[in-house]
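A.B. asks: Okay, sequence plus prediction incoming.
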Amino acid sequence: MTVLATSAGDILDYALAAFFIASGAGLLYLFVRMGGTFARLSSFVKGSERDLLPVIVKAGGTVDRVNDQLDKLDVVTDSAVSMADSADTAVRAVSTVITTPVKKVSGFAAGVSHGVSAFRSRRDAGEAVRVAKDAAARRESDLDEELRTAGKTEQESPPPPAA
């Protein structure tokens, strides 16, 4: 076989063989590089497992301790709410003890004042007693309303009733 006696089919066979050899060499180079990449990736994953697992275990322990502290805080807040309720009950009791006699004395004073006035003007004892009782009840009711709306702002309190 001489070089001059080659045909076009022979040249294509040689070119195809050279292409397959070059492709094989390229694939071999690519697979070797890919193997190195996978080796580094495997090493990275193993190192991550080795380093990350203790961190996850410590984080789990920290979460457990935080949950324990939150449980303790829950008990403290429940206790604070209970104390606030007790204080509210005590304040209401003291308020009732103080305001009831004040309302009665104020109503009595208004009743006496209106009763004496009515007796002077009409000279009728029955009418004066009725006027005194009405004035006392009205004064106690007014004072009760004033005490109910004492802590509220203008927006919270209802408008005064029309006369």
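C.D. replies: Right, received. Where do you want to start?
A.B. asks: packing partners for the helix or strand that contains residue 66?
C.D. replies: Element membership of residue 66 [criterion: DSSP states H and E] is helix 8-122. Under the contact criterion of 3 or more CB pairs under 8 Å, 6 or more residues apart in numbering; DSSP states H and E, helix 8-122 touches helix 125-149. For glycine as for every other residue, the C-beta is placed from the backbone atoms N, C-alpha and C.
A.B. asks: Now do the buried residues in the helix it packs on.
C.D. replies: 128, 131-132, 135-136, 139-140, 143 (16 or more other CB atoms under 10 Å).
A.B. asks: Columns distance to residue 86 on top of the residues you listed, output as CSV?
C.D. replies: Listed next are the buried residues of helix 125-149 as CSV, based on distance: CB to CB, whole Å:
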residue, distance to residue 86
128, 47
131, 44
132, 41
135, 39
136, 35
139, 33
140, 29
143, 28
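A.B. asks: Let me know the closest of the residues you listed to residue 80.
C.D. replies: Set against residue 80, the nearest of these by CB to CB is residue 143 (34.1 Å).
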